[in-house]
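Colleague: next comes the sequence, and after it the predicted model I'd like to discuss.
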Amino acid sequence: MSSMDKDIKEKWVKALRSGEYTQGNMYLRTECGQHCCLGVLLEVQGCKDIPTHATEELPAGYEAGLSTDICLTLANKNDRGVSFAEIADYIEANL
């Protein structure tokens, strides 16, 4: 189990299920508005200038209390085509 911030988790799961985000892969956020599940997390945390890729300066899960391993697991699920709804289910059950 992760020590994820409960409020951020709730907002993130809600955002993933909202239908407001178009799911993309390989990038946190694309110029055409697609998001990885971690890009959605950054928006939920209030990040306005989301880079294309996560960097050491801006790790996607840092403020939420997520480890690098958890972030990689979620990014891999996203990039393999697991839906935002399924990722939200995984977050609720495991984080």
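Modeller: Structure received. Numbers count the residues shown, from 1 in each chain.
Colleague: helices along the chain, start to end?
Modeller: 6-17, 37-44, 68-79, 84-94 (DSSP state H).
Colleague: can you tell me which residues contact the spatially most central residue of the chain?
Modeller: Closest residue to the average C-alpha location of the chain: Leu38 at 2.2 Å, with CA atoms, centre = their mean. Leu38 makes contact with 28, 54, 60-61, 71, 74-75, 78 under the criterion CB atoms under 8 Å, 6 or more residues apart in numbering. For glycine as for every other residue, the C-beta is placed from the backbone atoms N, C-alpha and C.
Colleague: which of those residues sit farthest apart?
Modeller: For those, the maximum inter-member distance is 13.0 Å, found between Gly61 and Asn78 (CB to CB).
Colleague: can you verify my assumption that Leu28 contacts Cys37?
Modeller: No - the pair Leu28 and Cys37 fails to qualify as a contact (CB atoms under 8 Å) at a distance of 9.5 Å.
Colleague: can you report how many residues neighbour the residue nearest to Leu74 when sequence neighbours are not counted?
Modeller: Spatial nearest neighbour of Leu74, excluding adjacent residues (CB to CB, 6 or more residues apart in numbering): Cys37 at 5.5 Å. The tally of other residues near Cys37 (other CB atoms under 10 Å) stands at 28.
Colleague: in stretch 31-38, what counts as buried?
Modeller: In terms of neighbour count (16 or more other CB atoms under 10 Å), stretch 31-38 has its buried residues at 34-38.
Colleague: from the middle of its chain, how far away would stretch 8-19 be?
Modeller: Relative to its parent chain, stretch 8-19 has a centroid offset of 9 Å by CA atoms, centre = their mean, to the nearest Å.
Colleague: pLDDT (mean, whole number) over that stretch?
Modeller: Averaged across stretch 8-19, pLDDT comes to 97.
Colleague: quick one: contacts of it?
Modeller: Stretch 8-19 has contacts (CB under 8 Å, 6+ apart) with 21, 37, 40-41, 43-45, 63-65, 84-85, 87-88, 91-92, 95.
Colleague: of those, just the buried ones, PyMOL syntax please.
Modeller: With 16+ other CB under 10 Å as the criterion, this PyMOL line picks the buried residues out of the contacts of stretch 8-19:
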select buried, resi 21+37+40+41+43+44+45+63+64+84+87+88+91+95
